[in-house]
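Enquirer: Any chance you can model this:
(chains A, B, C and D)
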There are 2 protein chains.
Amino acid sequence: MAHSHSWPQRPKSSEAGLNPHVSVDCVIFGFDEGELKVLLIERNLQKTDHESRKFSLPGNLVDDNEDLDTSAKRILKELTNLENIYMEQFFAFGDPNRVKSSSDAQWLNAVRELPTARVITVAYYSLVKIADSEPAAASFARKAFWCPVSEVPALAFDHNQILDKARQSLKIKLRMQPVGFELLPEKFTLGQLQRVYETILGTSLDKRNFRRKILNKGFLKALPEKQKGVPHKRALLYEFDKVTYDRLSSEQFNFDF
Amino acid sequence: MAHSHSWPQRPKSSEAGLNPHVSVDCVIFGFDEGELKVLLIERNLQKTDHESRKFSLPGNLVDDNEDLDTSAKRILKELTNLENIYMEQFFAFGDPNRVKSSSDAQWLNAVRELPTARVITVAYYSLVKIADSEPAAASFARKAFWCPVSEVPALAFDHNQILDKARQSLKIKLRMQPVGFELLPEKFTLGQLQRVYETILGTSLDKRNFRRKILNKGFLKALPEKQKGVPHKRALLYEFDKVTYDRLSSEQFNFDF
DNA sequence: TTTTCATAGTGTTGTTTTAACACTTAACTT
DNA sequence: AAGTTAAGTGTTAAAACAACACTATGAAAA
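Expert: So this is what the prediction gives:
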């Protein structure tokens, strides 16, 4: 057996300084116009990179002394200027060739002026209220934009795979916890919430059954207010009642949807 | 904003060769004597380390060119001599001080003869049939042993936290997919399976309801065989019918327990 | 001003799933 | 022979679920 059993220990090859790089990538979900969207960034490609993929998920190498969560929050803050955002770490991607073997390897090496070193990435997804987020591109030279998940092009590295896994994880999460409202404004209608569920779960839901079920959970508070400016009947607005939710949670209720 | 938006890019400090180390830690679960157990290893402590914690989860630094999953499989193979084991990556732990600040830091540095560098770990849990695994300690100088999860002592680094998160993740998994049988021999009784569920979920279940529910799923096949050598009525043996399970899965059934 | 369009809002019923509940049987041990 | 342990088995009331269609309202279009 070639490998040592006495851990921790440096593998031989790391003495050459080839420790992996560690990055954090963020799948930032938003919901708008009845669609699930994801924040992509346009990369600064060199002229010689005409074949490379132009878009990627936002990400950063993790700073020394920086926690993974902190790194993810930093990315979010930079791109959306939002803090205190719902965020979940969902997977670490560590295929040794996930960066090296991609069509972007040449570009990457050029930028880094380094021997090719692998990059292990820890991926997070976040749910943001698009309306609250600053126009993403405004604050940065780097272009960022909301892209409907159904129209996401081929992305750099393994980012399409990361996005797929994020969608899966979110789907599972939504079935277990009421995170849907994180994608909506503070005050929202049941119709909007239903569309969030339908979009993420990929099913259509019966309106009456949905309303009964979600209202019976007890964590939605009806407001004495209605929607304005819609070209049809105004819907009652609701908000998520965190205090009640926390109380119910601690009393061991299930929130499976 | 101190941080760059052009990613990927090397953080300044990494030029000094302080890239994080990346390890994989494994929470290897077994089930025996009606208890959930976890495989711990006893560490080779120096004489000067009389205050350090003696036990840890098995783990390894990830080799260059080694996939994370591969690394986890390697740990399993080394400790249990088992392959093709059920395994799930469940979380990456990256607190910059998770290793440095522990009471083991001094020891760690001594062994490594390195400036203190952080270690980011990607954690997996595995479900193994204890009976099939070789006596864990036999093949290695390093002592490994099965420890009931209820009796796990203070472990090195943040390993107690990793174990807790593994248990949570497993609980969620078990509610969504029938992984319980992975902890049992190929042929098992419904009583054994029920004890697995009760142990992992932390509840007690009604025997008749449990049987009806699990048998109705359709993926357990009754064998024409009974238990032997028990001091009471012999139970019918069952096995997990993977072919049927896969078929049912693809037909979009839910397996929520 | 009338019509049209889009979404809000609302109950019932049959079916399925769940939770609660107790006794008899079989195999070994004492 | 008696004791111990776990296996195995059905019913019922309550809850959750799925399927289903119409009216109400507000704006825009005609």
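Enquirer: and A:Phe29, which of the three is it?
Expert: Following DSSP: H, G, I helix; E, B strand; the rest coil, A:Phe29 is assigned to strand.
Enquirer: so what's it up against?
Expert: A:36-38, A:125-128, A:149, A:166, A:170, A:183 (CB atoms under 8 Å, 6 or more residues apart in numbering or on different chains). Heads up, the C-betas are built off the backbone N, CA and C, glycines and all.
Enquirer: any idea which helix or strand comes after the one helix or strand A:Asn60 maps to?
Expert: Secondary structure assigned from DSSP states H and E places A:Asn60 in strand A:59-61. Going down the chain from strand A:59-61, the next helix or strand is helix A:68-80, by DSSP H and E.
Enquirer: hang on, the earlier thing: near chain B, anything from the strand holding A:Asn60?
Expert: Yes. With CB under 8 Å from any CB of the partner chain as the criterion, chain B is reached by strand A:59-61 at A:59-61.
Enquirer: OK, contacts around A:Tyr238?
Expert: When contacts are counted by CB under 8 Å, 6+ apart, A:Tyr238 touches A:187-190, A:193, A:220-223.
Enquirer: what's the closest non-adjacent residue to A:Asn19?
Expert: Distances taken as CB to CB, 6 or more residues apart in numbering or on different chains place B:Asn19 nearest to A:Asn19, at 3.8 Å, with adjacent residues excluded.
Enquirer: just checking, that neighbour touches A:Val62?
Expert: No. Counting by CB atoms under 8 Å, A:Val62 is not a contact partner of B:Asn19; they are 9.7 Å apart.
Enquirer: about what we covered before: inside strands: which ones of the contacts of A:Phe29?
Expert: A:36-38, A:125-127 (DSSP state E).
Enquirer: Over to the residue in the stretch 51-200 of chain A that DNA strand C sits nearest to. Which of the three states is it?
Expert: Of all residues in the stretch 51-200 of chain A, A:Gly191 sits closest to DNA strand C, at 2.4 Å by CB to the nearest atom of the strand. Assigned by three-state DSSP, the conformation of A:Gly191 is helix.
Enquirer: Look at it and report its pLDDT.
Expert: For A:Gly191, the pLDDT comes out at 98.
Enquirer: again, but for the one 3 residues further on
Expert: The score at A:Gln194 is 98. That number is its pLDDT.
Enquirer: And the residue lying closest to it once chain neighbours are set aside, how close does it get to DNA strand D?
Expert: Of all residues not flanking A:Gln194 in the chain, A:Phe210 sits nearest, at 5.0 Å (CB to CB, 6+ apart). For A:Phe210, the distance to DNA strand D (CB to the nearest atom of the strand, to the nearest Å) stands at 9 Å.
Enquirer: where does A:Phe210 land on pLDDT?
Expert: For A:Phe210, pLDDT reads 98.
Enquirer: and what of A:Ala131?
Expert: 87.
Enquirer: Please apply the same query to A:Leu79.
Expert: 86.
Enquirer: Which of the three states applies to the residue nearest to A:Gln194?
Expert: Under three-state DSSP, A:Phe210 comes out as helix.
Enquirer: show me what contacts it?
Expert: A:190, A:194, A:197.
Enquirer: Among the contacts of A:Phe29, find me the one that's closest to A:Phe93.
Expert: Closest approach between these and A:Phe93, by CB to CB: A:Ala166, at 11.1 Å.
Enquirer: Just give me the neighbour total for the closest one.
Expert: Around A:Ala166 there are 25 other residues, counting by other CB atoms under 10 Å in any protein chain shown.
Enquirer: What separation is there between it and A:Glu134?
Expert: Relative to A:Glu134, A:Ala166 is positioned 22 Å away (CB to CB, to the nearest Å).
Enquirer: Show me the shaky parts of chain A.
Expert: A:1-18, A:45-52, A:100-116, A:135-142 (pLDDT under 70).
Enquirer: Identify the single longest helix in it, thanks.
Expert: helix A:159-176 (DSSP state H).
Enquirer: tally of neighbours for the residue of chain A found nearest DNA strand D?
Expert: Using CB to the nearest atom of the strand, the closest approach of chain A to DNA strand D is made by A:Lys233 at 2.9 Å. Using other CB under 10 Å, A:Lys233 has 7 other residues around it.
Enquirer: Show me which of the contacts of A:Phe29 are buried.
Expert: A:36-38, A:125-128, A:149, A:166, A:170, A:183 (16 or more other CB atoms under 10 Å in any protein chain shown).
Enquirer: What sits closest to A:Thr121 if chain neighbours are left out?
Expert: A:Ser23 is the one closest to A:Thr121 (CB to CB, 6+ apart), at 4.5 Å.
Enquirer: right, and the one you found touches A:Glu66 too?
Expert: No. Using CB under 8 Å, A:Ser23 makes no contact with A:Glu66, being 11.4 Å away.
Enquirer: Relative to A:Gly218, how far out is A:Phe210?
Expert: 15 Å.
Enquirer: oh, I was asking about A:Phe90
Expert: 28 Å.
Enquirer: So for the two, which residue has more residues nearby?
Expert: Between A:Phe90 and A:Gly218, counted using other CB under 10 Å, A:Phe90 has the larger neighbour count: 20 against 14.
Enquirer: name the helices or strands packed onto the host helix or strand of the more buried one?
Expert: Element membership for A:Phe90, per DSSP H and E: strand A:86-93. With contacts defined as 3 or more CB pairs under 8 Å, 6 or more residues apart in numbering or on different chains; DSSP states H and E, the packing partners of strand A:86-93 are helix A:68-80, strand A:119-127, helix A:159-176, strand B:86-93.
Enquirer: May I see these organised as JSON lines, with distance to DNA strand D added?
Expert: Shown next, in JSON lines, are those (distance: least, CB to the nearest atom of the strand, whole Å):
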{"stretch": "helix A:68-80", "distance to DNA strand D": "30"}
{"stretch": "strand A:119-127", "distance to DNA strand D": "23"}
{"stretch": "helix A:159-176", "distance to DNA strand D": "11"}
{"stretch": "strand B:86-93", "distance to DNA strand D": "23"}
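Enquirer: would you list the ones you listed in JSON lines and tack on distance to A:Tyr86?
Expert: As requested, the helices and strands packed on strand A:86-93 are exported to JSON lines (distance: least, CB to CB, whole Å):
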{"stretch": "helix A:68-80", "distance to A:Tyr86": "10"}
{"stretch": "strand A:119-127", "distance to A:Tyr86": "5"}
{"stretch": "helix A:159-176", "distance to A:Tyr86": "10"}
{"stretch": "strand B:86-93", "distance to A:Tyr86": "17"}
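Enquirer: looking at the ones you listed, which is closest to A:Glu239?
Expert: It's strand A:119-127; of the helices and strands packed on strand A:86-93, that one is closest to A:Glu239 (CB to CB) at 16.0 Å.
Enquirer: what does the stretch 51-200 of chain A put close to DNA strand C?
Expert: A:189-192 (CB under 7 Å from any atom of the strand).
Enquirer: Need those in TSV (columns: neighbour count and distance to DNA strand D).
Expert: Shown next, in TSV, are those (neighbours: other CB atoms under 10 Å in any protein chain shown; distance: CB to the nearest atom of the strand, whole Å):
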residue	neighbour count	distance to DNA strand D
A:Thr189	18	13
A:Leu190	18	13
A:Gly191	15	12
A:Gln192	20	16
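Enquirer: What about A:Val22, how many residues nearby?
Expert: 25.
Enquirer: and the helix or strand harbouring it, anywhere near DNA strand C?
Expert: Per DSSP H and E: A:Val22 is located in strand A:21-32. No. Between strand A:21-32 and DNA strand C, judged by CB under 7 Å from any atom of the strand, nothing touches; the nearest distance is 14.0 Å.
Enquirer: which of the residues in that strand are buried?
Expert: A:21-31.
Enquirer: same check, this time on stretch A:230-239
Expert: So, applying 16+ other CB under 10 Å, buried residues of stretch A:230-239: A:237-239.
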